[in-house]
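Participant: need coordinates for the below:
(one chain, ligands or ions: 1)
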Amino acid sequence: MADDGARGLEAVLAAEADEIERAAEAALRPRRLAEFVGQRVVRDQLSLVLDAAVARRRPPDHVLLSGPPGLGKTTLAMIIAGEVGAALRLTSGPAITHAGDLAAILSSLQENDVLFIDEIHRLARPAEEMLYLAMEDFRVDVVVGKGAGATAIPLSLPPFTVVGATTRAGLLPAPLRDRFGFTGHMDFYEVEDLERVLSRSARLLGIPLEEEAGHEIAGRSRGTPRIANRLLRRVQDWAQVRGTGVADVAAAHAALTVFEVDPRGLDRLDRAVLRTLCTRFAGGPVGLTSIAMAIGEEPETVETVAEPFLLREGFLSRTPRGRVATPAAWEHLGLPVPDSGPSRLFD
Ligand SMILES: Nc1ncnc2c1ncn2[C@@H]1O[C@H](COP(=O)(O)OP(=O)(O)OP(=O)(O)O)[C@@H](O)[C@H]1O
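Facilitator: Residues are numbered from 1 along each chain as shown. Sure, this is the predicted structure:
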């Protein structure tokens, strides 16, 4: 009982912390495309699509944004709505458990609304089918009644735009993917772009940020603006509570040490994945689920949060037989690289 109570409290505290994080994040979101840093290709493509829509006085084509978490997909959806002067409705694949939930959302849309569906790859199949009819024909069949007496009443919808976000475009069924007029592939940010994100955020947070400190934080942010902003807020905490009130390089080093973000930007989760792979599974190959279970995480968290970064940084390799730690991973953890290490990659 006491344990349940403690877990309950932990969940409440975690939810509150999440809420605070989300509010802090929202305050730092760019509102216009011109303020959106980096992702030059997607920005250019979007700007063309949006300008054309405004010129034609038509809602823009449906847009799919794909890429790892925290790169700005939600921000871009908000920007799309803002740039064309439309209202934004937000939902997500996991929130729509029945086709009826989606029918309710669709039938309440106003002309030109932008409907943002986060994690669109997690929509249930019946909802997915309803969505592509709505996207193509601006129509939804509302089912009235139950069993043999049920009838589908077609309801026309006003023109609207779907912005779908996915961390895994490959999981989207082709018929749904094909309904999007444009897919923006978002990639990790360069350090220089993150430095620009940080200096903008520091201005908004009212904390003086020294250039060298900005460079240090950006280098440890795993190519991800969400992480850059989060680390900046921790550096701000340190600077204001234990430092001089300025986010200088000493504050950056000290705060990032306290929060266990190492010089290559690996955090606890990344290191847990690598350490488990090296010490419990002898460097692999090993399946994703085994790694996730060994560290008490969801396979999806390991796959979408830690793995893309570890792959990109050359710490991990994916083979048909499972994940393998590269020599760089052993070295980073300060472990001797096993002789057979490199050759196992090519088993
Ligand atoms: N290009 C950018 N310029 C400035 N800030 C950015 C940029 N991209 C993202 N951010 C900031 O990073 C944070 C996370 O962005 P956002 O929520 O849009 O990411 P996301 O890709 O939708 O993530 P998820 O898929 O996990 O919801 C926001 O606070 C936003 O202000």
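
Participant: need the CA coordinates for whichever helix or strand residue 275 is part of. PDB is fine.
Facilitator: For residue 275, the host element (DSSP states H and E) is helix 268-275. Extracted in PDB, the C-alpha atoms of helix 268-275 (Å, rounded to 0.1, in the frame of the first residue of the first chain):
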ATOM      1  CA  ARG A 268      22.200   8.600 -18.400                       C
ATOM      2  CA  LEU A 269      20.000   6.800 -20.900                       C
ATOM      3  CA  ASP A 270      22.600   6.700 -23.700                       C
ATOM      4  CA  ARG A 271      25.300   5.600 -21.300                       C
ATOM      5  CA  ALA A 272      23.000   2.900 -19.800                       C
ATOM      6  CA  VAL A 273      22.300   1.500 -23.300                       C
ATOM      7  CA  LEU A 274      26.000   1.400 -24.200                       C
ATOM      8  CA  ARG A 275      27.100   0.100 -20.800                       C
END
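
Participant: and it, what does it pack onto?
Facilitator: helix 288-295, helix 307-312 (3 or more CB pairs under 8 Å, 6 or more residues apart in numbering; DSSP states H and E). Every C-beta, even on glycine, is put in place using the N, C-alpha and C of the backbone.

Participant: now stretch 232-248: how far from the chain's centre is it?
Facilitator: 26 Å (CA atoms, centre = their mean, to the nearest Å).

Participant: please apply the same query to stretch 182-202.
Facilitator: Relative to its chain's centre, stretch 182-202 lies at 13 Å (CA atoms, centre = their mean).

Participant: ok, that stretch near the ligand or not?
Facilitator: Yes - contact of stretch 182-202 with the ligand (CB under 6 Å from any ligand atom) involves residue 197.

Participant: now do that stretch, average pLDDT.
Facilitator: For stretch 182-202, the mean per-residue pLDDT is 95.

Participant: over to stretch 132-140?
Facilitator: 92.

Participant: wait, isn't residue 290 in contact with residue 281?
Facilitator: Yes - using CB atoms under 8 Å, residue 290 is in contact with residue 281, at 7.1 Å.

Participant: rank the helices and strands packed on helix 268-275 by pLDDT, which is bottom?
Facilitator: Here the helices and strands packed on helix 268-275 differ in mean pLDDT, and the lowest is helix 307-312 at a mean of 90.

Participant: buried sites along whichever helix or strand comes after it?
Facilitator: Proceeding N to C from helix 307-312, the next assigned helix or strand is strand 316-319, under DSSP H and E. When neighbours are counted by 16 or more other CB atoms under 10 Å, the buried residues of strand 316-319 are found to be 316-317.

Participant: what lines up beside strand 316-319 in the sheet?
Facilitator: According to DSSP bridges, strand 316-319 has the following sheet partners: strand 322-325 (antiparallel).

Participant: for the helix or strand just after the strand it pairs with, the distance to its chain's centre please.
Facilitator: Downstream of strand 322-325, the next assigned helix or strand under DSSP H and E is helix 327-332. The chain centroid and the centroid of helix 327-332 are separated by 27 Å under CA atoms, centre = their mean.

Participant: which strands and helices sit next to helix 327-332?
Facilitator: helix 341-344.

Participant: what residues are up against residue 168?
Facilitator: Taking CB atoms under 8 Å, 6 or more residues apart in numbering, we find residue 168 in contact with 66, 121, 304.

Participant: repeat for residue 270
Facilitator: Each residue near residue 270 by CB under 8 Å, 6+ apart is listed here: 306, 309-310, 315.

Participant: among those residues, name the buried ones.
Facilitator: Buried among the contacts of residue 270 (16+ other CB under 10 Å): 306, 309-310, 315.

Participant: now those in TSV, with distance to the ligand?
Facilitator: Listed next are the buried ones among the contacts of residue 270 as TSV, based on distance: CB to the nearest ligand atom, whole Å:
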residue	distance to the ligand
306	14
309	14
310	18
315	22
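
Participant: what's the closest non-adjacent residue to the one residue in the chain that gets nearest to the ligand?
Facilitator: Per CB to the nearest ligand atom, residue 72 is where the chain lies closest to the ligand, at 2.6 Å. Nearest non-adjacent residue to residue 72, counting by CB to CB, 6 or more residues apart in numbering: residue 225, 6.0 Å away.

Participant: chain center to stretch 220-231: distance?
Facilitator: Worked out by CA atoms, centre = their mean, stretch 220-231 lies 12 Å from the chain centre.

Participant: any residue of that stretch touching the ligand?
Facilitator: Yes - using CB under 6 Å from any ligand atom, stretch 220-231 comes into contact with the ligand via 225-226, 229.
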